[in-house]
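Attaching a predicted model along with its sequence, questions to come.
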Amino acid sequence: MPSERHTQKVSTLSSIPLEDIAWAAHAARQAMERDQTPRLWFQLYFQADRGHSLELVRRAEAAGYCVLMVTIDAAMKRSEFALPEGVEAANLRGMPRSVQNSAAAGGQIIFGTALADAAPTWDDIAWLRKQTSLPIILKGILSPADARMALDHGVDAIVVSNHGGRVTDGLITPMKALPSIARTIDGKCPILLDSGVRTGTDVLKAISLGASAVMIGRPQLHALAVAGMAGVAHMLHMIRAEFELAMAQVGVKSLDELGPAYVTSSD
Ligand SMILES: Cc1cc2nc3c(=O)[nH]c(=O)nc-3n(C[C@H](O)[C@H](O)[C@H](O)COP(=O)(O)O)c2cc1C
């Protein structure tokens with residue numbers, strides 16, 4: 001967010017194939033005088049079969065994605081909702097349903113210990129690190145212990161996230177988890193934060209507590225529903241303006257002047 005350049009993350013479960021999205025972004029870049037096009041990151045959900053996970057990675061590499069963001073906090077998803085007719089997880093066509101995409105594709109509820117067997121482990125992260133030279137960002141870190149494991153597995157950045165509170169009730173909020181994680185990471189890799197970022201002051205708090213950038217989920221969907229592409233641009237503009245105002249209000253001119261002293265907590 002503080003950077004001039006916004007990035008877009010494309011989900012494994014996208015209803016549009018990852019290649020089509022990359023092609024559209026490429027076409028938009030060519031149509032612009034300056035390169036302001038979002039950089040594309042591919043969000044990987046590990047599939048039950050490593051071969052299928054690797055297939056997704058190779059497709060993302062070939063289509064020009066510049067980062068793999070691996071989500072580790074939603075190995076199992078439970079959903080009572082079925083996708084509307086004609087909408088499917090397009091990237092997974094022809095692959096057997098993994099735990100996540102069975103929920104996305106069929107609205108099926110899954111119970112049982114088999115769920116835990118299907119979840120990715122640190123061995124999968126070590127394996128992935130050897131398969132690709134793309135930067136790997138782990139999304140879904142909420143504890144210093146996992147942040148340490150991420151560093152030990154050679155990841156390039158982490159996202160402190162509780163998936164927008166959408167997968168497990170009662171989790172710590174990322175903003176609360178951030179200070180101790182930032183102390184553990186101690187500048188060794190960038191930290192991003194998402195889940196509940198709604199205003200410029202949220203951005204200010206996250207940067208003050210050790211994040212390098214934030215990500216925004218549902219506000220994009222709401223803005224898109226209300227006013228399409230212009231709505232999303234307006235939402236980003238508002239958050240940016242609020243952030244700059246908040247910086248002025250607390251009296252800092254640059255991001256590196258921010259620090260934990262700008263945030264107080266009642267805990
Ligand atoms: C409708 C919806 C679908 C999502 N799908 C994915 C997904 O496929 N992969 C993923 O890593 N996160 C997914 N997320 C979580 C977001 O990436 C992000 O962590 C979360 O929305 C951030 O919280 P916020 O919505 O409060 O900003 C999804 C979120 C929403 C609202």
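Looks like it came in fine.

what's the distance between residue 259 and residue 84?
Counting by CB to CB, to the nearest Å, the gap from residue 259 to residue 84 is 47 Å. Any C-beta I mention is one placed from the backbone N, CA and C, and that applies to glycine too.

Could you tell me how many residues sit around residue 130?
By other CB atoms under 10 Å, 7 other residues sit near residue 130.

what mean pLDDT does the helix or strand hosting it have?
Per DSSP states H and E, residue 130 falls inside helix 122-131. Averaging pLDDT along helix 122-131 gives 97.

And the helices in this structure?
Ranges of helices in the chain, per DSSP state H, are 18-31, 50-62, 99-106, 114-118, 122-131, 144-152, 174-185, 200-208, 218-250.

related to what we said a few turns ago, name the surrounding residues that touch the helix holding residue 130.
Contact with helix 122-131 is made by 44, 46, 50, 53-54, 57, 68, 70, 72, 136, 138, 149-150, 153-155, as judged by CB atoms under 8 Å, 6 or more residues apart in numbering.

just the angle between that helix and helix 50-62, please?
Inter-element angle recorded for helix 122-131 and helix 50-62: 40 degrees (by axes from the mean of the first three to the mean of the last three CA atoms, to 10 degrees).

Helix 122-131 to helix 144-152, inter-axis angle?
Using the same axes, to 10 degrees, helix 122-131 lies at 30 degrees relative to helix 144-152.

just to revisit the earlier point, closest one to the ligand among the helices of the chain?
For the ligand, the closest of the helices of the chain is helix 218-250, at 3.5 Å, according to CB to the nearest ligand atom.

Just the buried positions in the helix holding residue 130, please.
Residues of helix 122-131 classed as buried by neighbour count (16 or more other CB atoms under 10 Å): 124, 125, 128.

show me which of those neighbour the ligand.
When CB under 6 Å from any ligand atom is applied, no member of the buried residues of helix 122-131 is adjacent to the ligand.

Of those, which is the nearest to residue 184?
The shortest approach to residue 184 among those belongs to residue 125, at 17.0 Å (CB to CB).

quick one: low-confidence ranges for the chain?
1-5, 33-38, 76-80, 97-118, 266-267 (pLDDT under 70).

Up against the ligand, what does it have?
Proximity of the chain to the ligand (CB under 6 Å from any ligand atom) is limited to residues 11, 13, 43, 71, 139, 161, 163-164, 166, 194-197, 216-218.

got the contact list for residue 64?
So residue 64 contacts 22, 26, 40 (CB under 8 Å, 6+ apart).

Need phi/psi at the closest residue to residue 22 other than its chain neighbours.
Spatially, and ignoring its direct neighbours in sequence, residue 22 is nearest to residue 63 (4.0 Å; CB to CB, 6 or more residues apart in numbering). Note on residue 63: its backbone torsions stand at phi -80, psi 0 [degrees, to the nearest 10].

Now do residue 63 against the ligand, distance only.
For residue 63, the distance to the ligand (CB to the nearest ligand atom, to the nearest Å) stands at 17 Å.

cool, residue 255 as well?
Residue 255 is 21 Å from the ligand, where distance means CB to the nearest ligand atom.

Right, I'll leave it there.
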